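S.K.: coordinates only, no sequence provided:
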Ligand SMILES: [Zn+2]
């Protein structure tokens, strides 16, 4: 399996267009020891021929153009992108679908609740169904495996709610367990086990469940929520805003943070992904960056390619 990190930042990207925090300012002025990053986006492929997107970021069009493996071939309409697996109905995870509207056949996988939000409440997504052979919307359920080509997906429910734009009437009709998914993706070939390689994808996790440990120990690569370094990061940097856990993100640092919670897992590659522009791990000269590396983690960057 080939995994491409097309974008490693959380919503808003780095730098964020309307943010003049110290990190965004230093990056713009060329005085920052670290890379800019686009909004979270991953593409995976079993053999590097046809590709599946994990979510569809608002930066998707630019991310595709920055990735030659995802360019069309031939002399007419074509794309090696065959499918999109959606794990939440947030703008950050679905807005990029509108950049895929040019009459391309696509399979789009999401839970029934997320599909209702997209297809019944947001008529703009009908752009993906203007002709007969365009988007095919496919229902997936937490804890029910499904296959995309040779890759097997096990979706599981994560703590977290529906986006703020979903009305209370609609919310009452939806299943909260279908709001936010994590994914365990298995490839029949490659990886450290004879049965193939696997990757866990958890861009937004409010806590680490004990029951995950077994498969976290087994998987070859973990892409984990790297949004915030501390619980009060947004409030401190911006002078207001929600706490990390209120936004569905377990902070990295401290005795209850993700570095401590995942210290003992045996997964050989642990990578922080979905990193907010306020997080000091973006600064490669910071103590936070050194601490992450010391704990055996990597910090995802745009363009990162992982072979499993
Ligand atoms: Zn900023």
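M.R.: Right, received. Where do you want to start? From a predicted model like this one, the values you see are computed outputs, not experimental measurements. Numbers count the residues shown, from 1 in each chain.

S.K.: average pLDDT across stretch 130-143?
M.R.: The average pLDDT within stretch 130-143 is 96.

S.K.: sec struct for the nearest residue to residue 154 once chain neighbours are set aside, please.
M.R.: Leaving aside its chain neighbours, residue 154 sits nearest to residue 184 (4.3 Å; criterion: C-beta to C-beta, 6 or more residues apart in numbering). Glycine gets a C-beta too; all of them are placed from N, C-alpha and C. The three-state assignment at residue 184 reads strand, by DSSP: H, G, I helix; E, B strand; the rest coil.

S.K.: residue nearest the centroid of the chain?
M.R.: Geometric centre of the chain, nearest residue: residue 203, 4.5 Å, by C-alpha atoms, centre = their mean.

S.K.: OK, contacts around it?
M.R.: 40, 55, 87, 223, 225, 273, 274 (C-beta atoms under 8 Å, 6 or more residues apart in numbering).

S.K.: pretty sure the second one is touching residue 43, no?
M.R.: What it means is residue 55. No - contact criterion C-beta atoms under 8 Å: residue 55 and residue 43 do not qualify, at 10.2 Å.

S.K.: okay, residue 192: pLDDT?
M.R.: 68.

S.K.: my guess is residue 229 contacts residue 249, does it?
M.R.: No - using C-beta under 8 Å, residue 229 is not in contact with residue 249, being 10.6 Å away.

S.K.: next, count neighbours for residue 39.
M.R.: Neighbourhood size, residue 39 [other C-beta atoms under 10 Å]: 28.

S.K.: not counting its neighbours along the chain, what's nearest it?
M.R.: Nearest to residue 39 is residue 57, by C-beta to C-beta, 6+ apart, at 4.2 Å.

S.K.: distance of that neighbour from the ion?
M.R.: The gap separating residue 57 from the ion is 18 Å, by C-beta to the ion, to the nearest Å.

S.K.: cool, residue 239 as well?
M.R.: From residue 239 across to the ion, the span is 13 Å (C-beta to the ion).
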